[in-house]
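here you go, sequence then predicted model.
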Amino acid sequence: MTHPRTIIAVVSLGLGIAAAPLAAPAVAAPQPALVQPAAPAATPAARVGATPASASIEFDVGMKLGNAAGAVALARAVSDPTSPGYRRFLTPAQWESRFSPSESSVRAVTSWLASQGITVAGVTPDRLTIEASASAATIERAFGTSLGEYTRHGHTVRLASGALTAPASVAELISGITGIDQTRARPNGLTGAAVVRRRHPARKGEEIPQPEGFRNGTPCSSYYGEKLDTTDPAFGGKYPSPLPYAPCGYNPTQLQSAYSLTGPIASGITGKGVTVAVVDAFAAPTLYADAHRYSVKNQPGQVLAASQFSELLAKRYEDIEECEAPEWFGEQTLDVEAVHATAPGANILYVGAKNCEGALNKAVQKVVDGHLAQVVTDSWGDDGGDLLDSAGMRRSFDNVLLMAAGTGVGVQFSSGDEGDEFITLGITVPDYPPSSPYATAVGGTSLQVGKTGSRIGEVGWSTSKSVLCTAPLAAEEFPGCEESTVGTWTPKAPGEMLYGGGGGTSYEYGEPWYQEGVVPAKLAERNTAITGVLNRVEPDISMDADPTTGMLVGETQTFPDGVYYDQYRIGGTSLSSPLFAGVMADADQAAGGSLGFVNPLLYRLDATGKVASSAFYDVVPAAAQALVRVDFLDGVDAGEGTITSVRTLTYEGKETFCSGTGNCTHQKVAINTAPGFDSMTGIGTPGSGFLAALAKP
């Protein structure tokens, strides 16, 4: 039918009479509804400029679950060892049919995106994510916001300056947007080097170079306490004298022995039949070759075979310079070699994301949706992300973690390497994703492996550092070192807070049901004045992470005399997460199938008193302890000299945050060890009966 306005216009023209068309009834424009608020990191003080209107941006639209309450209920039922539905996991197809967004919801959102001039590249098979791209100007117009460039963690990132909105009929279908707000994850692996000299990463179109070479300084010990520093001055304070030199790096045999895996592995519990997915950004071209060579050299009889290793790589890599791509190569090497160290029979799938941003979350999603592994280890995270990341991004990725729980995939994240984050952010806040109640957060310890391979001690990883002032350092005007202080430690004992395993109380997540009755009230209540509820506390469990008591790894690196394989010590919670992933692969085999999301089982074992027996090793406060480290100033040899430092263990003293304006504030380290559950190590570390307890809870 022709519209009346059209008829009148035609008639008027035909008569040659000027007549105004009839006015259409006024129709109120639809009121925009909130999609997600601006990220807390988008503060006016951090803004450095506007995002160019022509900037091309790839982003993901997360869809709300069709039955969110049902997905949560299923995750609890299949992971609670007291539930009739325990370990009765769904297949991905079954989960999607019950909980994924409907096809009509996806069509409605994709149609609206297209109407706004946004290109829809595709929809993930689970229908949880719509992949899209557009210019900054188009995004600003569609979502009613503005985009700006902001400083965060010393980098410039793009953030929405205001809330993202959309018509109510669309907004009610969306869980959140990932990618408009940039989050750059970084690997949680550390060498603990005294001086870090980085090569410039390759630029677009260039091959990513192997990372700059690093070697352990000497002397160092083959086991904890083997060699003592009898030549340098006493450290002072309440620390012993002489202090032991740092281990050169524990090998797989030592780690297996310390964590009571030697016997189970000898009996055939090796992770065989279980696949562990290692998710990182980019892909080292020598990853398998290095891991194989390392196992031949350090794990004879348990060599990583080609049939055990596979890769799922991005078609292209992006943000190579911004993500410092070469530094991810060492992360991948550590992850693969650490998984194989504790689960020599497991299959390893390496998944390389195209960048260090939202592509990492998408890589995890691909593993979960395809059920490509039973265990997923992620040695990366966003510093302070529990509070600073956008709520919509967290909601969208939590849906992926819910799917993982419902389908029998255990997903774990390293808890971070900056302790409570005060020294980096000036606030006490956990990282994300480890703060999610559907992830297993793996914290860090300082492991002490004795001469016979036994665990002679294990304390919470929290380190302060002091450097021995020498004449060469004074000449170089090393901070705190001058002629009058040569021969002394600076700062004096106990030194200055350096780093430690991440942890703490969430601002965004309430206390999950599995932590009730296990986590001390004073920890769950820490943020109640702000949140009004008890909150999640992480990490959940820990393993060795201190780079001064770390693992020996082998990797192809760039040295002054060429590019070749060599070995060095490394740590960080990037070590503890893959070590625990290997242990979980062993546990899955021992249990006769996937244990899936393991947190409820871990806390159940703790609540029933197993922490006092053999399932867990309870990490408790310890007397003052420290190690002496010698590092090469140039990272590879003594040609430019060495630097000697003391690295304390389980430090819980003062920490300092200094802003860009030079103002400094202080507080006592906010995460601590304690008997039972604590905010530094969680429940503790795997004990001698850990595998047996998980196999038959």
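All right, it came through fine. In this text, all values refer to a predicted model and were calculated from it rather than measured experimentally.

is residue 114 in a helix, a strand, or coil?
Secondary structure assignment for residue 114 (DSSP: H, G, I helix; E, B strand; the rest coil): helix.

let me redo that: residue 97
Assignment for residue 97 (three-state DSSP): helix.

pLDDT weak spots in the stretch 501-650 of the chain?
612 (pLDDT under 70).

give me the mean pLDDT for the helix or strand harbouring residue 34.
According to DSSP states H and E, residue 34 maps onto strand 32-36. Taken as a whole, strand 32-36 has a mean pLDDT of 94.

again with stretch 418-432
Average pLDDT, stretch 418-432: 95.

domains in the chain, as residue ranges please.
Domains of the chain are assigned by automatic domain parsing as 33-185, 187-689.

which one of those lies nearest to residue 697?
domain 33-185 (4.4 Å; C-beta to C-beta). Just so you know, the C-beta spots here come from the backbone N, C-alpha and C atoms, and that holds for glycine as well.

re earlier: just name the most buried of the domains of the chain.
Per residue and on average, the most neighbours among those fall to domain 187-689, with a mean of 21 (mean count of other C-beta atoms under 10 Å).

quick one: that one to chain centroid distance?
10 Å (C-alpha atoms, centre = their mean, to the nearest Å).

span of it from start to end?
One end of domain 187-689 sits 31 Å from the other (C-alpha to C-alpha, to the nearest Å).

what do you get for stretch 408-422?
36 Å.

other residues contacting the strand holding residue 34?
Residues outside strand 32-36 that contact it (C-beta atoms under 8 Å, 6 or more residues apart in numbering): 143-144, 163-168, 170-172, 174, 176-177, 390-393.

at 6 Å what do you get?
For strand 32-36, the surrounding residues in contact (C-beta atoms under 6 Å, 6 or more residues apart in numbering) are 144, 163-166, 168, 171, 174, 176, 390-392.

what does stretch 676-687 give?
Counting by C-beta under 6 Å, 6+ apart, residues outside stretch 676-687 touching it are 259, 443, 445, 458, 460, 503-504, 518-519, 523, 537, 539-543, 583, 602, 606, 614-619, 671-673.

and these, which of them are in strands?
Among the contacts of stretch 676-687, the members falling in strands (DSSP state E) are 443, 445, 458, 460, 504, 537, 541-543, 616-617.

packing partners of the one helix or strand residue 570 maps to?
Taking DSSP H and E as the definition, one finds residue 570 inside strand 562-570. Packing partners of strand 562-570 (3 or more C-beta pairs under 6 Å, 6 or more residues apart in numbering; DSSP states H and E): strand 551-559.

report the angle between the strand it packs on and strand 562-570.
Here strand 551-559 points in a direction 150 degrees away from that of strand 562-570 (axes from the mean of the first three to the mean of the last three C-alpha atoms, to 10 degrees).

contacts for strand 551-559, please.
Against strand 551-559 from outside (C-beta under 6 Å, 6+ apart): 210-213, 249-251, 286, 290, 294, 330, 333-334, 337, 565, 567, 569-570, 575, 636.

go with 7 Å
Applying C-beta atoms under 7 Å, 6 or more residues apart in numbering, the contact partners of strand 551-559 are 199, 209-214, 248-251, 255, 286, 290, 293-294, 297-298, 330, 333-334, 337-338, 563-571, 575, 636.

just the CA atoms of that strand, as PDB, please.
The C-alpha trace of strand 551-559 is given here as PDB (Å, rounded to 0.1, in the frame of the first residue of the first chain):
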ATOM      1  CA  MET A 551      62.600 -24.500  37.500                       C
ATOM      2  CA  LEU A 552      65.500 -25.100  35.000                       C
ATOM      3  CA  VAL A 553      64.100 -24.700  31.500                       C
ATOM      4  CA  GLY A 554      65.700 -24.900  28.000                       C
ATOM      5  CA  GLU A 555      65.000 -22.500  25.200                       C
ATOM      6  CA  THR A 556      66.500 -21.200  21.900                       C
ATOM      7  CA  GLN A 557      67.500 -17.600  22.600                       C
ATOM      8  CA  THR A 558      69.500 -14.800  20.900                       C
ATOM      9  CA  PHE A 559      73.000 -14.500  22.400                       C
END
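
what about residue 567, distance to residue 337?
Distance, residue 567 to residue 337, using C-beta to C-beta, to the nearest Å: 10 Å.

for residue 304, same thing?
According to C-beta to C-beta, residue 304 stands 8 Å off from residue 337.

what touches both of the two?
residue 291.

what sits against residue 459?
Per C-beta under 7 Å, 6+ apart, neighbours of residue 459: 445-446, 619, 622, 625, 649-650, 673.

show me where this protein dips below the pLDDT cut-off.
1-30, 195-206, 612.

so residue 404 sits in a helix?
Yes. Remark: residue 404 belongs to a helix, assigned using three-state DSSP.

measure it to residue 510 for me?
Distance check for residue 404 against residue 510: by C-beta to C-beta, it reads 20 Å.

and for residue 438?
Taking C-beta to C-beta, one finds residue 438 at 13 Å from residue 510.

residue 416 too?
From residue 416 to residue 510 the distance is 21 Å (C-beta to C-beta).

and residue 270, by the same measure?
In terms of C-beta to C-beta, residue 270 sits 39 Å off from residue 510.

ditto for residue 165
27 Å.

with distance to residue 695 as extra columns, can I get the domains of the chain in JSON lines?
JSON lines is the format used below for the domains of the chain (distance: least, C-beta to C-beta, whole Å):
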{"stretch": "domain 33-185", "distance to residue 695": "11"}
{"stretch": "domain 187-689", "distance to residue 695": "4"}
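
let me know which of the ones you listed is the nearest to residue 696.
Closest to residue 696 of the domains of the chain, according to C-beta to C-beta: domain 187-689, at 7.9 Å.

just to revisit the earlier point, between the contacts of residue 459, which is nearest residue 40?
Distance to residue 40 across those (C-beta to C-beta) is lowest for residue 673, with 29.7 Å.

could I get the contacting residues of that closest one?
Counting by C-beta under 7 Å, 6+ apart, residue 673 has contacts 459-460, 619-621, 650, 680-681.

in the stretch 501-650 of the chain, which spans are helices?
Taking DSSP state H, counting those that start in this stretch as the criterion, the stretch 501-650 of the chain carries its helices at 521-524, 528-531, 573-591, 599-607.

these: which one's closest to residue 50?
Of the helices of the stretch 501-650 of the chain, nearest to residue 50 by C-beta to C-beta is helix 528-531, at 31.6 Å.

got the CA positions of the closest one in CSV?
Provided in CSV are the C-alpha atoms of helix 528-531 (Å, rounded to 0.1, in the frame of the first residue of the first chain):
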residue,chain,number,x,y,z
THR,A,528,32.5,-5.8,52.8
ALA,A,529,32.3,-2.1,53.6
ILE,A,530,32.4,-1.5,49.8
THR,A,531,30.6,-4.6,48.4
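
what does it contact?
Residues outside helix 528-531 that contact it (C-beta under 7 Å, 6+ apart) are 507, 534.

from residue 113, how far out is residue 132?
6 Å.

what touches both of those two?
In contact with both residue 132 and residue 113: residue 120, using C-beta under 7 Å, 6+ apart.
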